[in-house]
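**Student:** Could you work out the structure for the sequence below:
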Amino acid sequence: MRCPCFFPRIHLESKQELRSPDTIMDDLLLDRFLDYLTVEKGLARNTVESYARDLRKYYSFMKNRTPQEITQAEVIAFLSWLTSEGISPSSSARSLAAIRGFHKFLMTDELAERDPTTNVETPRGWKRLPQSLATEEVEALLQQPDPAAPIGLRDKAMLELLYATGLRVSELVGLKVQDVNLERGFLVVMGKGAKERAVPLGEIAAHAVIRYLEAGRAVLLNNVDSSFLFISSKRRGITRQMFWERIKHYARTAGISKHISPHTLRHAFATHLLDNGADLRAVQAMLGHADISTTQIYTHVSRERLKQTHEKYHPRG
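**Tutor:** Numbering: from 1, shown residues only. Sure thing, here's the model as predicted:
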């Protein structure tokens, strides 16, 4: 299977070629849609690859049906089939998002006259409450890196920065030295869809970054030039996978039994801000969410925590 990120742009002589009643759902339509997602929407490679896999399942299920022939009932039947195959609600919801985007694209490009996904409900359960960490768990995690070692200084700076800013891990490892303004206390990050945003650092995270720059980064580079802020032991930018392994290591040494990933600290960042009265719109801006409904899930986390506290401590809880 070709990587969808390298699909060439499809040049068609006319849209009538795709509007023909005989046109089945084939790679021509899929290539065109994936090309649109990559070039015009600027979606990340992993997202486009996921959409490609989901849509190929959809293609296979619909067999020789044209997009114009597919009905709402058949879309629902496909979602039911995913459930019968043991696919989780979150994965089914992602598939539906890919299918919705595909049919909307066809309508926008005048390649179809109707959208069979209209009024199809998202599979229940896909918006699970994200697992977060309590404040004391975060503190324990942040204390694990060894400040006497260059790698410890780097890991300490990365963990503090992740918790202080709520960055996505891809944003964190992609930071360049010039992206961080320590004097003014903020960093500039390029998020999803190539959207730039400024995020405040906080004094503790800024101090950790300064210590890393002063005593860690140059040692790790060993006279090799790099524009990346965070450097691996191999003298190049650290990868997402490397950092994930470091977090799992520190979670074990901190005695944290929860499943933890770099995204867990992003969840903790948002949850703890809202727990302490932060404005939802401000949190949305810092997280880089295009839609505030995505940020609102953290208000559910906060409410759930309040409910648990009430049940645990109230005499009639």
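
**Student:** For the stretch 101-250 of the chain, which segments are assigned as helices?
**Tutor:** 135-142, 150-165, 169-173, 203-215, 217-221, 240-253 (DSSP state H, counting those that start in this stretch).

**Student:** possible to save these as TSV with mean pLDDT and distance to residue 45?
**Tutor:** Every residue, glycine included, has its C-beta placed from N, CA and C. Formatted as TSV, those follow (pLDDT from 0 to 100; distance: least, C-beta to C-beta, whole Å):
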stretch	mean pLDDT	distance to residue 45
helix 135-142	94	29
helix 150-165	95	22
helix 169-173	92	10
helix 203-215	96	28
helix 217-221	95	27
helix 240-253	93	12
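
**Student:** Model confidence at the closest residue to residue 140 other than its chain neighbours, what's the number?
**Tutor:** Of all residues not flanking residue 140 in the chain, residue 254 sits nearest, at 4.2 Å (C-beta to C-beta, 6 or more residues apart in numbering). On pLDDT, residue 254 comes in at 95.

**Student:** Give me the buried stretch members for the helix or strand containing residue 96, please.
**Tutor:** When elements are assigned from DSSP states H and E, residue 96 belongs to helix 89-108. For helix 89-108, burial by neighbour count (16 or more other C-beta atoms under 10 Å) applies to 89, 92-103, 105-106.

**Student:** of those, closest to residue 220?
**Tutor:** residue 94 (37.1 Å; C-beta to C-beta).

**Student:** wait, isn't that closest one in contact with residue 49?
**Tutor:** No. Judged on C-beta atoms under 8 Å, residue 94 makes no contact with residue 49 at a distance of 11.9 Å.

**Student:** picking that back up, where's the dip in pLDDT among the buried residues of helix 89-108?
**Tutor:** Within the set of these, pLDDT is lowest for residue 89 (80).

**Student:** measure it to residue 289 for me?
**Tutor:** From residue 89 across to residue 289, the span is 21 Å (C-beta to C-beta, to the nearest Å).

**Student:** next one: residue 148
**Tutor:** Applying C-beta to C-beta to residue 148 and residue 289 gives a distance of 38 Å.

**Student:** try residue 252
**Tutor:** Taken as C-beta to C-beta, the span from residue 252 to residue 289 is 31 Å.

**Student:** rewinding a little: check which helices and strands the helix holding residue 96 sits against.
**Tutor:** Applying 3 or more C-beta pairs under 8 Å, 6 or more residues apart in numbering; DSSP states H and E, one finds that helix 89-108 makes contact with helix 27-35, helix 45-62, helix 72-84.
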